[in-house]
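Chemist: Please find the sequence and the predicted model below.
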Amino acid sequence: MHVNEHTHDFTTWYGDGTDGSCPNTEQWARLFGLPADRPVTLVNLFKLRDVAVYPDENGVSGADAFARYSSVSIPAMQRAGGSFHYAGPHRGAFLGEEEDWDIVAIGTYPNLDSLIALYADPDYRAVYHHRTAACDRQKVFVCAE
């Protein structure tokens, strides 16, 4: 599949990224342009809402919404061939500017196809809205050679 086809599919599934809840078109294209045969590591930073934002559900905490997402996303990641180096609480900066995050998750995929398989997985796509509902803000760094 061509990079533009990937980008179109993923922006159709996840949105255009203008609200910060998912990658934007340029970020998807950059990801799909990585070398196919090299490992890819994602460093995820999450700040959870006190109360999740769902269009049709009230009273769910951000932590509970994130748990709904994680209960499906972790097995989907493993099926795709990915694994976590760390997933847990953020405890502050050791060097540099202090930032306020709740969760850090560092996951590695053996190659680009593995990461693409995660985001293409129908089960993963079906629970991604819980991540969006849970997170006040998020930042994901791509690390790859």
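Modeler: Received it, and whenever you're ready, just let me know what you need.
Chemist: excluding its backbone neighbours, what's nearest residue 64?
Modeler: Once flanking residues are discounted, residue 64 sits nearest to residue 52: 7.0 Å by CB to CB, 6 or more residues apart in numbering. The C-beta positions use only the backbone N, C-alpha and C, and glycine is treated the same way.
Chemist: Tell me both backbone torsions, phi and psi, for the one you found.
Modeler: phi -60, psi 150 (degrees, to the nearest 10).
Chemist: Show me where the chain has its strands.
Modeler: Taking DSSP state E as the criterion, the chain carries its strands at 40-48, 83-89, 103-109, 135-144.
Chemist: for the chain, where's the lowest mean pLDDT among helices and strands?
Modeler: When each helix and strand of the chain is scored by mean pLDDT, DSSP states H and E, helix 3-14 comes last, with a mean of 75.
Chemist: tell me what that one is packed against?
Modeler: Under the contact criterion of 3 or more CB pairs under 8 Å, 6 or more residues apart in numbering; DSSP states H and E, helix 3-14 touches helix 25-32, helix 112-120, helix 122-134.
Chemist: wait, which of these is closest to residue 17?
Modeler: helix 25-32 (6.6 Å; CB to CB).
Chemist: How is the protein partitioned into domains?
Modeler: 1-33, 37-144 (automatic domain parsing).
Chemist: Let's have the ones you listed in JSON lines, adding mean neighbour count.
Modeler: JSON lines is the format used below for the domains of the chain (neighbours: other CB atoms under 10 Å):
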{"stretch": "domain 1-33", "mean neighbour count": "15"}
{"stretch": "domain 37-144", "mean neighbour count": "15"}
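Chemist: weakest of the ones you listed in terms of mean pLDDT?
Modeler: Least confidently modelled of the domains of the chain is domain 1-33, at a mean of 81 by mean pLDDT.
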